[in-house]
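Enquirer: Dropping a prediction and its sequence here:
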Amino acid sequence: MKISVIGCGYLGAVHASAMAKLGHDVVGIDVDGAKVARLSAGEPPFFEPGLAELLTASIASGRLRFTTDPAAAAAAEVHFVAVGTPQTRDGHAADLRYVNAAIDSLFPHLSPGDTVVGKSTVPVGTAAQLAERVRTTGARLAWNPEFLREGYAVHDTIEPDRLVYGVENGDEASVAVLDTVFAHALELGTPRIVTDFATAELVKVSANAFLATKISFINAMSEIAEAAGADVTQLADAIGHDARIGRRFLSAGVGFGGGCLPKDIRAFTARAEELGRGESVAFLKEVDAINLRRRQHVVELAVDELGGSVVGRKIAVLGVTFKPHSDDVRDSPALDVAVSLKGLGANVVATDPKGIENARARHPQLDYVENLEDALRGADLVILVTEWPEYTGLDPAATWESVAGAVIIDGRNALDPDAWTAAGWRYRGMGRR
Ligand code: UGA
């Protein structure tokens with residue numbers, strides 16, 4: 001099919017490249033000229049495993065191009081809206097300005113029979129409003145939420161674990177179009193749920209709310225474990241064996257971050273309050289509070305381990321991204337911890353395999369080093385906050401040689417406490433004995 005993708009960020013760039021790989025003819029459109037230039041040259045403007053290869057192959061096939069010109073959408077019959085919906089500056093609600101701008105830019109180029117497909121995460125009720133406008137051009141609207149995880153975005157786009165189509169009044173034409181777009185996934189047996197707009201919008205936010213709740217649940221247990229002298233990792237292993245609970249997303253640590261989970265639970269709460277159902281998701285405020293407390297807890301542990309003050313002490317912060325295999329530092333717990341410790345007067349030296357450039361743009365006051373050894377050398381304290389394999393695979397004995405103080409805070413419970421303790425380290429985990 002002839003496809004346009006409006007918005008070429010983490011979601012849109014991957015979606016456009018994957019759709020081209022699957023045989024569609026795709027144009028990616030973005031207002032950011034620098035981003036378009038890099039994508040056109042086959043260079044992803046952000047780090048995502050496998051994307052560079054996919055992008056290069058798709059461009060070489062002649063089925064993928066990028067432009068800043070919204071008129072390029074005129075040649076397409078399916079238009080994916082994949083722009084961001086960040087948190088508003090002055091509140092918790094989602095900022096829909098980019099979604100509205102994307103629809104505005106598409107509007108003059110829509111033809112009767114076209115299908116506009118929303119992928120952005122939006123407050124329930126948004127699609128119904130947009131549909132009225134889209135309908136005036138003779139085009140249709142469908143809502144097809146995206147569930148990709150950063151770090152696995154290419155895989156999740158080509159082989160999603162489910163497809164959700166939100167359509168109006170069972171609109172069979174939109175379903176047929178989406179079935180053609182996603183023929184590859186459907187052939188693989190991917191479950192497909194056809195529903196209305198509101199349910200499709202809610203599926204997305206409730207999935208993220210559930211994941212956030214699961215993480216905060218285990219982090220709440222880690223607070224209790226700390227007070228009671230129990231071990232949250234063993235607790236998670238034990239309850240995780242119950243198939244109804246499951247072990248995934250049950251790793252206690254410094255908590256969740258990124259461009260999705262934190263802002264999505266806040267936007268969901270704000271929307272539920274607008275709908276007069278604030279009490280139904282009031283627990284999400286607690287989920288958010290537990291999550292933010294874990295960042296503070298790491299800072300308190302650091303102060304405690306350094307004898308009550310971090311002033312002038314060298315702290316090596318391993319990781320700045322919100323999770324490994326990404327360069328994304330949006331709402332990153334790791335970066336928050338580094339900034340807080342710097343604010344308390346510590347000599348923070350942060351390192352990360354992929355995130356330094358983005359971190360420096362947001363927090364230029366921190367010292368960053370590319371080389372792990374430079375971060376560790378002479379450190380009074382080491383904090384692992386993003387579980388990159390480079391850090392979880394560190395040899396405790398060799399690392400001991402580099403530092404001034406052999407104390408490690410494992411903010412992701414990703415290290416073996418016995419091995420580190422045996423090598424002479426003082427090990428502090430999150431909710432671990
Ligand atoms: C999340 C969802 O997992 C995707 O399904 C969704 O499509 C995406 O948001 C989105 O809305 O676009 P992502 O933000 O890439 O994906 O990150 P996750 O893998 O969900 O991780 C989120 C955070 O939770 C990370 O900071 C991670 O370190 C943390 N986490 C995860 C834990 O603290 N404990 C765990 O057990 C699992």
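Expert: Yep, it's here.

Enquirer: Point out the residues in the stretch 251-400 of the chain that sit beside the ligand.
Expert: The stretch 251-400 of the chain has residues S251, G253, G255, F256, G257, G258, C260, L261, F322, K323 near the ligand, with proximity defined as CB under 6 Å from any ligand atom. (Glycine included, C-beta is placed from N, CA and C.)

Enquirer: and if we set it to 5 Å?
Expert: Neighbours of the ligand within the stretch 251-400 of the chain, by CB under 5 Å from any ligand atom: S251, F256, G257, G258, C260, F322, K323.

Enquirer: now those in JSON lines, with secondary structure and pLDDT?
Expert: Putting those into JSON lines (DSSP: H, G, I helix; E, B strand; the rest coil; pLDDT from 0 to 100) gives the following:
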{"residue": "S251", "secondary structure": "coil", "pLDDT": "98"}
{"residue": "F256", "secondary structure": "coil", "pLDDT": "98"}
{"residue": "G257", "secondary structure": "coil", "pLDDT": "98"}
{"residue": "G258", "secondary structure": "coil", "pLDDT": "97"}
{"residue": "C260", "secondary structure": "coil", "pLDDT": "96"}
{"residue": "F322", "secondary structure": "coil", "pLDDT": "98"}
{"residue": "K323", "secondary structure": "coil", "pLDDT": "98"}
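
Enquirer: how near is D32 to L163?
Expert: Distance, D32 to L163, using CB to CB, to the nearest Å: 29 Å.

Enquirer: Those two: which is more packed in?
Expert: Neighbour comparison, D32 and L163: the larger count goes to L163, with 19 against 14 (by other CB atoms under 10 Å).

Enquirer: who's in contact with A16?
Expert: Taking CB atoms under 8 Å, 6 or more residues apart in numbering, we find A16 in contact with I3, V5, C8, V26, V27, G28, S58, L64, F66, F80.

Enquirer: Repeat that for V337.
Expert: V254, R295, V298, V299, A302, V317, I383, V385, G411.

Enquirer: go with 6 Å
Expert: Taking CB atoms under 6 Å, 6 or more residues apart in numbering, we find V337 in contact with R295, V298, V299, V385.

Enquirer: Make sure T213 is indeed in a helix.
Expert: Yes: under DSSP: H, G, I helix; E, B strand; the rest coil, T213 sits within a helix.

Enquirer: Excluding covalently adjacent residues, which one is nearest to it?
Expert: Spatial nearest neighbour of T213, excluding adjacent residues (CB to CB, 6 or more residues apart in numbering): V287 at 5.1 Å.

Enquirer: I'd say that neighbour and I215 touch.
Expert: No: judged on CB atoms under 6 Å, V287 makes no contact with I215 at a distance of 8.2 Å.

Enquirer: So for those two, which residue has more residues nearby?
Expert: V287 (25 against 22).

Enquirer: any chance you could map the helices in the stretch 251-400 of the chain?
Expert: With DSSP state H, counting those that start in this stretch, the ranges of helices along the stretch 251-400 of the chain come out as 261-274, 283-305, 333-343, 356-362, 372-376, 389-392, 396-402.

Enquirer: what residues does the second one touch?
Expert: Just to be clear, that refers to helix 283-305. Defining contact as CB under 6 Å, 6+ apart, one finds that helix 283-305 is touched by 209, 212-213, 216, 219-220, 254-256, 265, 269, 310, 333, 336-337, 340-341, 381, 407, 409, 411, 428.

Enquirer: what residues go with each domain of this protein?
Expert: 2-195, 204-288, 294-428 (automatic domain parsing).

Enquirer: now for the second one, what's the gap between its first and last residues?
Expert: Translated: domain 204-288. Length of domain 204-288, first residue to last, CA to CA, to the nearest Å: 18 Å.

Enquirer: Over to the last one?
Expert: End-to-end distance of domain 294-428 (CA to CA): 14 Å.

Enquirer: Sweet, I'm off.
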